[in-house]
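Engineer: my questions concern the predicted model and sequence given below.
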Amino acid sequence: MLLAFAGVKLILSETPVGELPIPLTLGVIAVTIMTSITWSLIATRGRPGDAEEQPTRVGNRGAG
């Protein structure tokens, strides 16, 4: 998303439209990052985290 925005910004800078204002650019970047973080937190809600210890089974203990 940010790469596409950067491409559009670069193309627009060479047209009569001119350069986009810095506050608009920073706003788009901030909203994109906040949306990505929020989406990631919602998507991983309820899943066991990496920090929690998960018991692992190694080999066939007790078989034999």
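Structural biologist: Okay, I see it. All values reported here derive from a predicted model rather than from experimental measurement. Numbering: from 1, shown residues only.

Engineer: tell me which residues of the least confident helix or strand in the chain by mean pLDDT come out buried.
Structural biologist: Within the chain, no helix or strand scores below helix 2-13, which has a mean of 89 by mean pLDDT, DSSP states H and E. Of the residues in helix 2-13, none is buried under the neighbour-count criterion (16 or more other Cβ atoms under 10 Å). Where C-beta positions appear, they are placed from N, C-alpha and C, glycine not excepted.

Engineer: show me what that helix is in contact with.
Structural biologist: 18, 19, 20, 25, 28, 29, 32 (Cβ atoms under 8 Å, 6 or more residues apart in numbering).

Engineer: could you flag which of those are buried?
Structural biologist: For the contacts of helix 2-13, buried by 16+ other Cβ under 10 Å: residue 28.

Engineer: among the contacts of helix 2-13, which are in helices?
Structural biologist: Within those, membership in helices is found for 25, 28, 29, 32, as judged by DSSP state H.

Engineer: which among those residues gets closest to residue 40?
Structural biologist: Taking Cβ to Cβ as the measure, residue 40 lies nearest residue 32 of these, at 12.6 Å.

Engineer: the closest one contacts residue 1, correct?
Structural biologist: Yes: judged on Cβ atoms under 8 Å, residue 32 makes contact with residue 1 at a distance of 5.4 Å.

Engineer: picking up where we left off before, farthest pair within the ones in helices among the contacts of helix 2-13?
Structural biologist: Farthest-apart pair in the ones in helices among the contacts of helix 2-13 is 25 and 32; separation 11.0 Å (Cβ to Cβ).

Engineer: where do the contact lists of these two overlap?
Structural biologist: Shared contacts of residue 25 and residue 32, counting by Cβ under 8 Å, 6+ apart, come down to nothing at all.
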